[in-house]
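how would this look folded up:
(2 chains)
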Amino acid sequence: MDLISNLALGFGVAVSPINLLYALIGCLLGTLIGVLPGIGPVATIAMLLPITYGVPPVSALIMLAGIYYGAQYGGSTTSILVNLPGEASSAVTCLDGYQMARKGRAGAALCIAALGSFFAGCVGTLLLAAFALPMTELALKFGPAEYFSLMVLGMIGAVVLAHGSLLRAIAMIVLGLLFGIVGTDVNSGMARFSFGVPELTDGIGTAQIAVGVFGFAEILMSLTKKENRDILQQKLTSLMPNREEIRRSIPAVIRGTTIGSLLGILPGGGALLASFAAYGLEKKVSRRPKEFGKGAVEGVAGPESANNAAAQTSFIPLLTLGIPPNAVMALMVGAMTIHNIQPGPQVMTSNPGLFWGLIVSMWIGNLMLVVLNLPLIGMWVKLLTVPYRLLYPAILLFCAIGVYSLSNSTVDVYITALFGFMGYIFAKLECEPAPLLLGFVLGPLLEENLRRAMLLSRGDPTVFFTRPISLTMLLLAGFLLLLIVAPQFRKTREEAFVEGEA
Amino acid sequence: MAKIRNPKDFAAGLMFVGFGVAAIAIGIGYPLGVAARMGPGYFPRILGIMLIVLGAVLVLRALRLKGEKITLESPRPLLIVIGSVVLFGLTAPTLGLVIASILLIVASSAASTEFRWKEALVSGVVLAALSVAGFIWGLGLQFSVWPTFLGRG
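Numbering: from 1, shown residues only, chains lettered A, B, ... in the order given. The predicted structure follows:
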């Protein structure tokens, strides 16, 4: 039983006091930012990236992972209690969770959300452990052509499954790729797009780009909106759901976990997509669709399980193939490269303690979240009474210090400010920053594999279509593109038609 | 001249074209190489062309299909927030973490419509103390805490 012995190894790593401490810090931080609107897991992880430099790599990854799934727990708390999604992935939980709270069932909703998330987290962790070996074996068969096509598939998938305009998202990926190759070219030693700035010859840091485009831009967008936080204090009477609620949520939790696990693995998936899809599914299969939006317990149980399951399973492509499926995982790549770990199939063999330790720590972290969160709910809600005008300067300060500490260079601070400005422009023009970050991380990898594949094929580009695995992935990417282009094409024609009549 | 029916698409398209043109223009001197042996200029050139094409499609689409206007509000918050981060960069190495932090907090607080001097100052002092405790003592980062001309590191 390889799996058992591997998990045992991971357990040994994860329960060391220092790693338990970092898991706890990660979970608490994650919950905190999950509760607070205006700062998400991407910005937080980006902010903490520089700080993890001095921490052992396992502990760093354990903490950063804790932030991601912790945020899923925290987001549900405020959605239910104050109708305010602290996290985008918890937006759908507001619909029914807050209605349940208004009916006096806030405790039950919170309890179901937490237990559903815990169940989903356990399943996600098991899936991750089970998939790790076969996926890694597959990945070791990959040559540069396969890797290139896999990345193309990943990026196309990320675009198709994300919301918003397709063209913009593709353009943002390409722009990200371009930012990604800034710095010294590994093959020729030539500095590209560095404008003579010595700091840029090492490339733009993941932290600078992510803090600027996500952190600063989020603050700027929140500042231009009017602050509206009438906090309705709900009395939490009992946390226990009643029998009817339990009976209805069990199948919803199982469905949510399934759909979340699947969507987490897919590129572009992750917690956000999972919770929306799960809500849609619950509404569709329910015998009482009219109750949705009025406090249906399935509307809390499904999405909350789904987003947590997806947060876990999105580690599968990262840890086994080295390809990040979403923006948070792109940052995990950044965290690994800070410690000179190249993400990919070799991590499991060269660094088994890190690999399995991280997996087991996620299960432990989920357990911590259930135990800690329910009693601490009062404290989290109190945090919401801190006005935004006090909050955002603090976030800004921690971002600035974090980036500055990367290499004690003020140039890094200015680069971040520049990306903050760009992020604001992107937001104004409705260009999603997540594909940009994904492209940014994949840029050097994509170029390297393209070069190698073309070198091996002596400049023959058909190599991508003659190797079966590569061809399959490119066909899948093409199919995904067709899928989204078709309805959009129809819609466009309809709009043109309406205009023609007017 | 066709009418711009979708300002957001139009502006986004122009932006991407701009990035693409810049990538090609700046990278004009990078050796291209051949497909079998790509030079440092090959991949950036492909990306530049892709950006120009994608941007151009957006621009053309903006002339045909109607879309939303770009909502412009006062640039004040943008300038203040970005400016205060730059200010931090300018002051941190010479004036030290404490003063740079207070400056950043007070300056950036002014971006809010509910700005109050006293509150911003208090919050600045508290957060500066917290960051010294957390980052310098806790994480052991090597920053100058006080102004360097006072002779203490």
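
what does stretch A:2-18 rub up against?
A:19-20, A:23, A:56, A:58-59, A:62, A:129-130, A:133, A:352-361, A:364 (Cβ atoms under 8 Å, 6 or more residues apart in numbering or on different chains). Quick note: C-beta positions are derived from backbone N, CA and C, even for glycine.

What of stretch B:38-46?
Under Cβ under 8 Å, 6+ apart, the answer for stretch B:38-46 is A:178, A:181, A:185, A:187-188, A:190, A:192-193, A:447, A:450-451, A:454, B:23-24, B:27, B:29-33, B:35.

Pull the contacting residues for the residue of chain B positioned farthest from its centre.
When distances are taken from the C-alpha mean of chain B, residue B:36 lies farthest, 37.1 Å away, according to Cα atoms, centre = their mean. Residues near residue B:36 by Cβ under 8 Å, 6+ apart: A:454, A:455, A:457, A:458, A:459.

For the closest residue to chain A within chain B, give me phi and psi.
In chain B, the residue that lies nearest chain A is residue B:36 (3.1 Å; Cβ to the nearest Cβ). In terms of degrees, to the nearest 10, the main-chain angles of residue B:36 are phi -80, psi -20.

Just give the closest residue to it, not the sequence neighbours.
Leaving out its chain neighbours, the residue that sits closest to residue B:36 by Cβ to Cβ, 6 or more residues apart in numbering or on different chains is residue A:459, at 3.1 Å.

tell me the SS of that neighbour?
Three-state call for residue A:459 (DSSP: H, G, I helix; E, B strand; the rest coil): coil.

cool, and residue A:196?
Relying on three-state DSSP, one would call residue A:196 coil.

That one: neighbouring residues, count only.
7 (other Cβ atoms under 10 Å in any protein chain shown).

With residue B:72 instead?
Neighbourhood size, residue B:72 [other Cβ under 10 Å]: 7.

likewise residue A:379?
By the criterion of other Cβ under 10 Å, residue A:379 has 11 neighbours.

And the helix or strand hosting it, what's buried?
Assigning secondary structure by DSSP states H and E places residue A:379 in helix A:352-383. Across helix A:352-383, burial judged by 16 or more other Cβ atoms under 10 Å in any protein chain shown covers A:354-366, A:368-370, A:372-374, A:377, A:380-381.

One more: stretch A:246-258?
Within stretch A:246-258, the residues that qualify as buried are A:246, A:248, A:249, A:252, A:253, A:254, A:255, A:256, A:257, A:258, counting by 16+ other Cβ under 10 Å.

quick one: secondary structure of the fourth one?
When you say that, I think you mean residue A:252. Assignment for residue A:252 (three-state DSSP): helix.

Please look at it and residue A:303 and confirm they touch.
No: under the criterion of Cβ atoms under 8 Å, residue A:252 makes no contact with residue A:303, lying 9.0 Å away.

residues contacting the closest residue to residue A:358 other than its chain neighbours?
If the residues on either side of it in the chain are set aside, residue A:358 comes closest to residue A:61, at 5.2 Å by Cβ to Cβ, 6+ apart. Residues near residue A:61 by Cβ under 8 Å, 6+ apart: A:332, A:335, A:336, A:354, A:358.

where does chain B have low pLDDT?
Across chain B, residues meeting the criterion (pLDDT under 70) sit at B:1-2, B:150-153.

for chain A, same thing?
Within chain A, the stretches with pLDDT under 70 are A:1, A:38, A:85-88, A:161-164, A:225-238, A:268-270, A:486-502.

Could you rerun that using 50?
A:493-502 (pLDDT under 50).

quick one: contacts for residue A:400?
A:413, A:416, B:85, B:88, B:89, B:104.

Other residues contacting the helix or strand harbouring the second one?
Assessed by DSSP H and E, residue A:416 sits inside helix A:410-428. Residues external to helix A:410-428 that are found in contact with it (Cβ under 8 Å, 6+ apart): A:172, A:197, A:199-200, A:204-205, A:207-209, A:211-217, A:220-221, A:399-400, A:403-404, A:406, A:432-433, A:436, B:15, B:70-71, B:78, B:81-82, B:85-86, B:88-90, B:92-93.

if you set the cut-off to 6 Å instead, what comes out?
A:199, A:208-209, A:211-213, A:216-217, A:220-221, A:403-404, A:406, A:433, B:78, B:82, B:85-86, B:89 (Cβ atoms under 6 Å, 6 or more residues apart in numbering or on different chains).

Close to chain A: what parts of chain B are there?
Contact residues, chain B versus chain A (Cβ under 6 Å from any Cβ of the partner chain): B:8, B:11-12, B:16, B:19, B:23, B:26, B:35-36, B:38, B:40, B:43, B:47, B:50-51, B:54, B:58, B:73, B:77-78, B:81-82, B:85-86, B:88-89, B:101, B:104-105, B:108-109, B:111-112, B:114, B:123, B:127, B:131, B:135, B:139, B:141.

and those, which are buried?
B:8, B:11-12, B:16, B:19, B:23, B:35, B:38, B:40, B:43, B:47, B:50-51, B:54, B:58, B:77-78, B:81-82, B:85-86, B:88-89, B:101, B:104-105, B:108-109, B:111-112, B:123, B:127, B:131, B:135, B:141.

Could you check how many residues crowd around the nearest residue in space to residue A:443 that is not next to it in sequence?
Among residues not flanking residue A:443 along the chain, residue A:180 sits closest, at 2.1 Å (Cβ to Cβ, 6+ apart). Residues near residue A:180, counting by other Cβ under 10 Å, number 25.

before we move on, back to that, selection in PyMOL covering whichever of the contacts of residue B:36 are buried, please.
Entered in PyMOL, the line below selects the buried ones among the contacts of residue B:36, by 16+ other Cβ under 10 Å:
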select buried, chain A and resi 454+457
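
The helix or strand harbouring residue A:443: which residues count as buried?
Assigned by DSSP H and E, residue A:443 belongs to helix A:433-456. For helix A:433-456, burial by neighbour count (16+ other Cβ under 10 Å) applies to A:433-454.

Hey, what's the angle from the helix or strand containing residue A:395 to helix A:410-428? Just curious.
Using DSSP H and E, residue A:395 sits within helix A:388-405. Angle of helix A:388-405 versus helix A:410-428, following axes from the mean of the first three to the mean of the last three Cα atoms, to 10 degrees, is 130 degrees.

Give me the angle between helix A:388-405 and helix A:352-383.
Using the same axes, to 10 degrees: helix A:388-405 against helix A:352-383 is 160 degrees.

And the contacts of stretch B:81-100?
Identification of contacts with stretch B:81-100 by Cβ under 6 Å, 6+ apart yields A:220, A:400, A:410, A:413-414, A:417, A:420-421, B:103-104, B:107-108, B:111, B:128, B:143-148.

Mind giving me the ChimeraX select for those, buried ones only?
Buried residues within the contacts of stretch B:81-100, by 16+ other Cβ under 10 Å, are selected in ChimeraX with:
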select /A:220,400,410,413,414,417,420,421 /B:103,104,107,108,111,128,143,144,145
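
the helices in chain B, which residues?
Secondary structure of chain B by DSSP state H: the helices cover B:7-26, B:42-64, B:76-109, B:117-131.
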